[in-house]
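Student: Curious how this folds, go ahead:
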Amino acid sequence: MKIKKYVDFFVESGVIISLIGMILSVVTQVFTRFFLESAPHWTEEAARIFFIFAVAFGSGLAIRDHGYVQLDYFLDKFHANTKSRIQVIIHGVILFFGILISFYSINFIHIGSSETSPSLQINMSFVFSSMFILGILVVYYSAIELVVKTKQKNI
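Tutor: The predicted model follows:
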């Protein structure tokens, strides 16, 4: 599981960098609005891009850490075997949607290669790549959860 440690480090670093970037962009915007004559126009766009990447990186971590909202009340009504099977089905569906997102985001990235962002003038394929990152991380962590759930003795 050495590769999992590297992926976890990469994803956690991506979330931290994205959140720090978003916070610095917003603080810059607030500071310049109050203390300077005009605020830089790029800060809002940068904050949005950092937020998008924070969500993309955080999606995989939410699956890994079981951070998504679950209907525990509903699942607890079932027998342990049935509960485990439902969780396998749920992770299978999430895996399927992650594959769809990853696949269709490639075309989305290609479309963005001919556009640039209005303020920062960066290629939009970079911004749109966040969808691919989100999809791949959802697939990766859902596959791990699926393997763990199927190896449990309740199934």
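Student: drop to CA atoms for contacts and neighbour counts, all remaining ones
Tutor: Will do.
Student: what's the nearest residue to Ile133 once chain neighbours are set aside in contact with, if anything?
Tutor: Distance criterion Cα to Cα, 6 or more residues apart in numbering; nearest residue to Ile133, sequence neighbours excluded, is Ala56 at 6.2 Å. Taking Cα atoms under 8 Å, 6 or more residues apart in numbering as the criterion, Ala56 is in contact with 130-131, 133-134.
Student: Dump those into CSV; add distance to Ile17 and neighbour count as well.
Tutor: Listed next are those as CSV, based on distance: Cα to Cα, whole Å; neighbours: other Cα atoms under 10 Å:
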residue, distance to Ile17, neighbour count
Ser130, 14, 20
Met131, 17, 25
Ile133, 15, 21
Leu134, 16, 24
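Student: Inside helices: which ones of those residues?
Tutor: 130-131, 133-134 (DSSP state H).
Student: which among these gets closest to Thr28?
Tutor: Nearest to Thr28 out of these is Ser130 (Cα to Cα; 23.7 Å).
Student: Pull the contacting residues for that closest one.
Tutor: 52-53, 56.
Student: Pick the one among these closest to Asn107.
Tutor: Nearest to Asn107 among the contacts of Ser130, with distances taken as Cα to Cα, is Ala56, at 17.4 Å.
Student: Tell me if I'm right that Phe53 and Ser18 touch.
Tutor: Yes. Under the criterion of Cα atoms under 8 Å, Phe53 makes contact with Ser18 at 6.1 Å.
Student: which other residues reach stretch 37-48?
Tutor: Contacts for stretch 37-48 (Cα under 8 Å, 6+ apart): 21-23, 25-26, 28-29, 32-33, 119-120.
Student: For the chain, just list every one of the helices.
Tutor: Using DSSP H, helices in the chain cover 2-35, 42-64, 72-75, 80-112, 124-151.
Student: Report the buried residues of the last one.
Tutor: Buried residues in helix 124-151, counting neighbours by 16 or more other Cα atoms under 10 Å, are found at 124-125, 127-146, 149.
Student: Flag the shaky bits of the protein, pLDDT-wise.
Tutor: Along the chain, segments meeting pLDDT under 70 span 153-155.
Student: Point me to the residue sitting closest to the centre of it.
Tutor: Ala56 (2.3 Å; Cα atoms, centre = their mean).
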